[in-house]
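S.K.: kindly return the folded structure for what I paste below:
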Amino acid sequence: MTLRKLRNPLFAVLGTGLLSATAQTTTNSADAARAPASEIEVEVIASPITQFEETTLDGANRVVVGRDQLDRLSATDLPTALRQVPGVSISRYSPVGAYGGAQGGSVYIRGAGTARPGGEVRIYSDGVPRESGVWSHPLMDIVPIDFAERITVAKNPQPQHYAGTFGAVDVETRRRQTEGHEAELSAAYGRFNTLISSAAAGGKIDLFDYYAGAAYKYSEGARKHGEAELRSAFARAGWDLSPHDHLSYIFLGTDNWVRDPGPKGGPRPQRDQFNTETLTHAVRLETQRDRIRGYSLLYYEDGEIRWRKDHLSDGVLTSPAGFSNTDWDNYGFRSSYDILFDRLTLTGSLDSWSEGGETWNIRSFDNRRVWGYNGRFFTTAPYLGARYDFDVGHDWTLTPSVGARHYISTEFDDKTAPCAALTLSREKLNIFVSHARGVHYPGVYIRGVSPSTWRTLEPETLHTTEAGVQMGIGEQAALHTTLFHTEVEDRMDSTSAGYFNTGDMKAQGAEVSLHLYPRNDLSFFVGGTYTDPDTHPVSRMPEVTFTAGSSYRITHALRWDLDAQYVTTQYAYSMRSINPDLEKLDDYLAVNTRLSLDLRALCPLDGELYVAVENLTNRHYEYFPGYPMPGIMWYTGMKVKF
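M.R.: A predicted model of the protein is given here:
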């Protein structure tokens, strides 16, 4: 099963394919490559942080970070790609890798996160849920962004689009949709002996399209015993069944290991290393017809964790060394279709999934199994919804929408998640109000870590009400503002006696995002989020986050990007202790910059040379207590396109 067993032939095949595709692409584009260096295409500078924000007609509040923004941010993983998105906070402490899955790198949307077992936010890759089927939370390192075309962040519960979650991050990989071929090679070297590299190639020939890629990352880390190595491979094969129907097979494989340097000031770990391997397969059918639009998806994932630990019981220094091992396999079916009847749109979707596997601990000194459990949970969740566009005169359109998703679980009570929205729109102005309920079920982990209480648990629920405005001001500006109120019910918390539904949490706040395009060679982004919970403190919910960025084409060949984020005081649970405490993290300001030179100013190649610096002011701050960020971090690299 494991990618380690398949790694050499797998990467050899992908490498051969990439080189072949690159050679073919280079031949096809040879004439273009011989163009004079002065003929650099002048393009409108896109927004430096996000591609766009919107609230859809069915009430989905989402942000899209595009491929161009990922390059400008010099993003190496999901946390770095999303760190500047208003309403999103992250955790990380190493240039490369997320040790321990949740603790080493996580994403939080308005306080709901991917960190704890059963994290409330789901992460998808081309619509496939990516998480350990036993621990039920996403792992950052098994969702590489090296092959991403765009990343969509769902900020509110969206039962009309995503099941079993309070929010979502959906990574869409590259696909060539027009005739021709393309390829890209990139490599960067940075502080702490950090290497970031990738290669990808794709094309379309008549009815057939393909894409393939491989990536490698390594870093020694900012502290001793902080090394990490990440490998990933991607492949897509697609067929146009008709002018309106497309069938594709998508593969993603990862093989990673990350070490933990331990809390600063404490003893340095000797063994602590977190290994993950995954093989993910998906078959996706997309339909775009006049009367029906949507997709169907079948997926299967095989994954494993091999966690070598100094102490099998976190926080207990007398517990023995050993391995915490997990094997999981997830599979399921997802589909969603819109049926259009003039002004009426009917939506029907179905999510049905199975997650499970086995986890066990092995004591090193006698190779004895000392703890373990296994299990499998099944959930089915159909959705029905409708919306109608009313022409209310003077070019105004009023669109009410309503829908509900019903959950059927093999282990817990059935639940229903309704949603409704009302939008008034005219040209580039949309005024909206929406309400949605998110439902999050406990995962298989609950049987092992809370055997005496898990049968008494109720699914967690999140109610979110939003109202706001999105507006375009000519071609020079775009504004998105939102007021929101959230209520969490039956939140699960770990206690010394096991997991319980311990209580509720309420919060209200506001978000704003502003894109400015004063000139073709200059763009700005400003965004911020204010959140006020009814009870204090709340983990991973800073009161204020403020983001700003700019992108300026200094000359036809030289471009300068600058971004900054200010985060007020927040709270986080201490890491890997038997009874984690909620500890205060100081506010911080992080400034990042990137200077890039178009290669066509120097030679016939299409691409760029760049220098990128994170934490330009060398500010010392923490995402986790005892794990300071490494200070200033620089990269220098090159990207070549064919």
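S.K.: from here on, just use CA atoms for contacts and neighbour counts.
M.R.: Noted.
S.K.: now do stretch 454-461: distance to the chain's middle.
M.R.: Centroid displacement of stretch 454-461 relative to its chain, using Cα atoms, centre = their mean, to the nearest Å, is 26 Å.
S.K.: hmm, who's touching it?
M.R.: With Cα atoms under 8 Å, 6 or more residues apart in numbering as the test, stretch 454-461 has contacts from 166, 412-413, 437-442, 446-447, 488-492, 499-501.
S.K.: check stretch 614-633 too.
M.R.: 90-94, 190-191, 222, 262-265, 572-575, 583-593, 613, 634.
S.K.: what are the boundaries of the strands in the stretch 251-400 of the chain?
M.R.: Here the stretch 251-400 of the chain has its strands, by DSSP state E, counting those that start in this stretch, at 273-288, 292-309, 322-341, 344-363, 368-388, 390-393, 396-409.
S.K.: could those be laid out in CSV, adding mean pLDDT?
M.R.: As requested, the strands of the stretch 251-400 of the chain are exported to CSV (pLDDT from 0 to 100):
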stretch, mean pLDDT
strand 273-288, 97
strand 292-309, 97
strand 322-341, 97
strand 344-363, 97
strand 368-388, 97
strand 390-393, 96
strand 396-409, 98
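S.K.: and for L317, the neighbour number?
M.R.: Using other Cα atoms under 10 Å, L317 has 12 neighbouring residues.
S.K.: pull out the buried members of the contacts of stretch 454-461.
M.R.: 166, 412, 437-442, 446-447, 488-492, 499-501 (16 or more other Cα atoms under 10 Å).
S.K.: quick one on the thing from earlier: now, of the contacts of stretch 614-633, which are buried?
M.R.: With neighbours counted using 16+ other Cα under 10 Å, the contacts of stretch 614-633 contain these buried positions: 90-94, 190-191, 222, 262-263, 572-575, 584-585, 588-593, 613, 634.
S.K.: in helices, which of the contacts of stretch 454-461 appear?
M.R.: I446, R447 (DSSP state H).
S.K.: filter the contacts of stretch 454-461 down to just the ones in strands.
M.R.: Of those, the ones assigned to strands by DSSP state E are R437, G438, V439, H440, V488, E489, D490, R491, M492, Y499, F500, N501.
S.K.: tell me which two in those residues are the farthest apart.
M.R.: Maximum pairwise distance among the ones in strands among the contacts of stretch 454-461 (Cα to Cα): 22.7 Å, between R437 and Y499.
S.K.: how close does I250 sit to E172?
M.R.: To E172, I250 is 11 Å away according to Cα to Cα, to the nearest Å.
S.K.: oops, could you answer that again for D77 instead?
M.R.: Remark: distance between D77 and E172 (Cα to Cα) = 14 Å.
S.K.: of these two, give the one with the bigger neighbour count.
M.R.: When D77 and E172 are compared for neighbours, D77 comes out ahead with 21 against 18, by other Cα under 10 Å.
S.K.: who's in contact with T80?
M.R.: Counted by Cα under 8 Å, 6+ apart, T80 has contacts L73.
S.K.: dump the C-alpha coordinates for the one helix or strand it maps to into PDB.
M.R.: Using DSSP states H and E, T80 maps to helix 78-82. Provided in PDB are the C-alpha atoms of helix 78-82 (Å, rounded to 0.1, in the frame of the first residue of the first chain):
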ATOM      1  CA  LEU A  78      -2.000  25.600   3.400                       C
ATOM      2  CA  PRO A  79      -1.300  27.700   6.600                       C
ATOM      3  CA  THR A  80       1.000  30.000   4.700                       C
ATOM      4  CA  ALA A  81      -1.400  30.200   1.800                       C
ATOM      5  CA  LEU A  82      -4.300  31.300   4.000                       C
END
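S.K.: do me a favour and average the pLDDT over that helix.
M.R.: Mean per-residue pLDDT for helix 78-82: 94.
S.K.: right, and the helix or strand after it?
M.R.: Past helix 78-82, the next helix or strand by DSSP H and E is strand 88-92.
S.K.: that next one pairs with which strands, parallel or anti?
M.R.: Note on strand 88-92: by DSSP bridges, its sheet partners are strand 105-109 (antiparallel).
S.K.: tell me the helix or strand right after the partner strand.
M.R.: strand 112-113.
S.K.: what's the offset of that next one from the middle of its chain?
M.R.: Per Cα atoms, centre = their mean, the displacement of strand 112-113 from the mean C-alpha position of its chain is 12 Å.
S.K.: tell me what angle the next helix or strand after that strand forms with strand 105-109.
M.R.: Sequence-wise, the next helix or strand downstream of strand 112-113 (DSSP H and E) is strand 121-125. In terms of direction (axes from the mean of the first three to the mean of the last three Cα atoms, to 10 degrees), strand 121-125 departs from strand 105-109 by 110 degrees.
S.K.: mind listing what's buried in strand 121-125?
M.R.: Neighbour-count burial for strand 121-125 [16+ other Cα under 10 Å]: V121, R122, I123, Y124, S125.
S.K.: could you dump those into a markdown table with distance to L522 added?
M.R.: Listed next are those as a markdown table, based on distance: Cα to Cα, whole Å:
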| residue | distance to L522 |
| --- | --- |
| V121 | 35 |
| R122 | 35 |
| I123 | 33 |
| Y124 | 33 |
| S125 | 32 |
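S.K.: widest-spaced pair of those?
M.R.: Pairwise distances among the buried residues of strand 121-125 were taken by Cα to Cα; the largest, 13.6 Å, belongs to V121 and S125.
S.K.: let me see the contact set for G468.
M.R.: I431, F432, V433, H480, T481, T482, L483.
S.K.: show me which pair in those residues is furthest apart.
M.R.: V433 and H480 (13.2 Å).
S.K.: tally of neighbours for the closest residue to I473 other than its chain neighbours?
M.R.: Distance criterion Cα to Cα, 6 or more residues apart in numbering; nearest residue to I473, sequence neighbours excluded, is K428 at 7.6 Å. As a burial measure, K428 scores 11 neighbours (other Cα under 10 Å).
S.K.: K428 contacts V469, doesn't it?
M.R.: No - contact criterion Cα atoms under 8 Å: K428 and V469 do not qualify, at 10.4 Å.
S.K.: tell me where this structure has helices.
M.R.: 3-28, 30-33, 67-72, 78-82, 445-449.
S.K.: who touches the third one?
M.R.: Contacts with helix 67-72, where a contact means Cα under 8 Å, 6+ apart, come from A46, S47, P48, I49, T50, Q51, A81, A148, E149, R150, D561, R594.
S.K.: same deal with the last one?
M.R.: Contact with helix 445-449 is made by P117, G118, V134, W135, S136, G372, Y373, N374, G375, W454, G498, Y499, as judged by Cα under 8 Å, 6+ apart.
S.K.: CSV for these, including distance to F546?
M.R.: Converted to CSV, the contacts of helix 445-449 look like this (distance: Cα to Cα, whole Å):
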residue, distance to F546
P117, 29
G118, 29
V134, 36
W135, 33
S136, 31
G372, 44
Y373, 44
N374, 44
G375, 43
W454, 40
G498, 38
Y499, 35
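S.K.: so which of those residues is the most crowded?
M.R.: Greatest neighbour count in these, by other Cα under 10 Å, goes to V134: 29 neighbours.
S.K.: still on that earlier bit, reformat the strands of the stretch 251-400 of the chain as TSV; add distance to L514.
M.R.: Putting the strands of the stretch 251-400 of the chain into TSV (distance: least, Cα to Cα, whole Å) gives the following:
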stretch	distance to L514
strand 273-288	32
strand 292-309	31
strand 322-341	31
strand 344-363	31
strand 368-388	28
strand 390-393	29
strand 396-409	24
